[in-house]
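Participant: quick one: sequence plus predicted model below, questions after.
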Amino acid sequence: MRVLHVITGLGAGGAEQQLRLLLRHMPLCCDVVTLTNPGAVAGGIEADGTAVTHLGMTGNRDLSALPRLVDLIRAGRYDVVHTHLYRACVYGRIAARMAGVRTVLATEHSLGEKMIEGRPLTPGVRALYLATERLGSGTVAVSATVATRLRRWGVPGSRIHLVPNGIDAARFRFDPIARTAVRARLGLPAHDLVVGGVGRLVPGKRFDVAVRAVAQLPGARLLLVGDGPERERLRGLAASLGVADRVLLLGECGGAVAAGEGDGPDIPGLLSAMDVFVSTSAEESFGLAVLEALAAGLPVLHVTCPAIDELPPGHAPGAHRIGPGVQSLVTALREPSSVPAGMRRAPVCEAVRHYDVARSADRLMALYEELHGRPGGRAPVRVPAPAPSAPKTPAGTSTRPLARPSAGTPAPTSAPTKR
C-alpha cells in the first residue's frame, strides 16, 4: 500500500511532529507533500528517510497549486491520500478525487470551539470545510473532544474515526546529566524553581498568564519553548513586569535539533531542566505537550487537556487541573505538593502508556486497510457519545531531496524502501 500525506506546512508544530512520529512507526511506503513552509520538521522527516516534496503554494487562494498536486498524486499512484491541517485538507481532498484516488482520509488536529489552527471559525471557513469533507472517505479526530466538535459542526458521526495522538515516551525520559548541562548552558542556577511551557506563541495558548504568575514568585524562572506572533508581546510584558531576566523565550530550538540543525538543547533536554510544566491554554484539541511533560516525570498544571480528561481518574496522578486565572496558577506553584523540589521525578504514568505511538500507528494502519478494502473507500465507524467519567477510546520511504515541482510536472517516483 502506497500512502501520500499532504500537510499545510512542516514548521515545528504539534501536528507536524505527530506526522513525523507516525511515519517512523507505519510499515508502509509513504511520501509527504507540504503545501508551504518546508521547515525544521521537513528536514527531520527526510533525515528519517521519507521523501518530502514542497508544492510551493503561495497562499490560501493559490489555485495553481491544485493541478500540480493532482499531477503529483497521479504520478505516485497512491492507494491512500491522508491530509493534515485545514488548507491541506481542503486542497488535498479535491486533488485526490480529481486524481482518481478513492481512499482519502483527513486528520483533524486543531479544531476548537471558536478557532481552527488559530483562525476564526467563520461561516465561510465552516462551509468550505464541510463541503470538501464530503469528498473524503472520513475524518480522523485526535481526541473524543475533537470528535464531539466535528459532530456539532455538521460532520456525520459515521464518518468520524477516533485515532488519538501518540507519544514516544522513551524519548522524553528524565536525564539528570542533561538537566545539569542545559541549566548551565542557559545560565539557570541549579536550585532555582524553573517553570516551563511548550507550544506556539499565539494568543490562544495564553502564555501571558505564565509570565504574570512567575512575576509574583521571586526567584522563579520561566522557559517558553516555541515561536509565533506573540513572541515580542510576551517579551514586552516580561520587561514591563520587571522579570525580563527571569523569562527565557527559546524559540523553536527543539525542532531544529530534531532535524539535525544546530547544537542547542532539544525538547527532552529542556524538560529535564524544568521543575514544573504549565499548560495555560483554555482550549485544546488533545494536549500532546502535557503528555510529553508527564513522560519526563514532571508535575503538570493544566487548565484543560482532553488527553487526560478523557481517561479514568488516577491515570495521570502528576497532572493537576487549575483555573484559567493568574492567581490560580500562582497558588498552585506555591503548593509544595504540586512542585516537588530538586530532581525528583515521578514514574511513567498510565496516561503516557495509554497513548503509546505504536498503538496509534496500529489503529491508523487498520483504518487504512478497512477503508481501502471497501467499495468507494468508505467504512462505517461509529464514534461513541462523550461520557465525562469514562475513557473515549475505539476498540517506507525514499530519500529524494526536497523538490518543488513545476505546474504539470509529475514528482519523481523512485521506489520507497519499506520499513
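Facilitator: Done, it's in. Keep in mind the model is a prediction, meaning the values are calculated, not measured. Residues are numbered from 1 along each chain as shown.
Participant: show me the strands in the stretch 301-419 of the chain, by range?
Facilitator: Ranges of strands in the stretch 301-419 of the chain, per DSSP state E, counting those that start in this stretch, are 319-321.
Participant: residue ranges with poor pLDDT in it?
Facilitator: Counting by pLDDT under 70, the stretch 301-419 of the chain shows low-confidence ranges at 337-338, 340-343, 374-419.
Participant: okay, and the spatially closest residue to Tyr78 that is not a sequence neighbour sits in which element?
Facilitator: Counting by CB to CB, 6 or more residues apart in numbering, Tyr78 lies nearest to Leu4, which is 4.3 Å off, once chain neighbours are set aside. C-beta coordinates here come from the backbone N, C-alpha and C atoms, glycine included. According to DSSP states H and E, Leu4 maps onto strand 2-7.
Participant: ok, then the element right after that strand?
Facilitator: Sequence-wise, the next helix or strand downstream of strand 2-7 (DSSP H and E) is helix 14-25.
Participant: the lowest-mean-pLDDT helix or strand in the chain: what's the following helix or strand?
Facilitator: Within the chain, confidence by mean pLDDT, DSSP states H and E is lowest for helix 253-258 among all helices and strands, at a mean of 42. Helices and strands here follow DSSP H and E; after helix 253-258, the next one along the chain is helix 267-273.
Participant: which strands and helices sit next to that following helix?
Facilitator: On a contact count with 3 or more CB pairs under 8 Å, 6 or more residues apart in numbering; DSSP states H and E, helix 267-273 meets helix 176-186, strand 194-198, strand 221-225, helix 253-258, helix 288-295.
Participant: by mean pLDDT, show me the worst of these.
Facilitator: Out of those, helix 253-258 stands lowest, with a mean of 42 (criterion: mean pLDDT).
Participant: mind listing what's buried in the longest helix seen in the chain?
Facilitator: Counting by DSSP state H, the longest helix found in the chain is helix 357-372. Of all the residues in helix 357-372, those buried under the rule 16 or more other CB atoms under 10 Å are 357, 359-365, 367-368, 370-372.
Participant: include distance to Leu288 when you put the residues you listed into a markdown table, please.
Facilitator: As requested, the buried residues of helix 357-372 are exported to a markdown table (distance: CB to CB, whole Å):
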| residue | distance to Leu288 |
| --- | --- |
| Val357 | 11 |
| Arg359 | 15 |
| Ser360 | 11 |
| Ala361 | 15 |
| Asp362 | 18 |
| Arg363 | 16 |
| Leu364 | 16 |
| Met365 | 20 |
| Leu367 | 20 |
| Tyr368 | 22 |
| Glu370 | 26 |
| Leu371 | 25 |
| His372 | 27 |
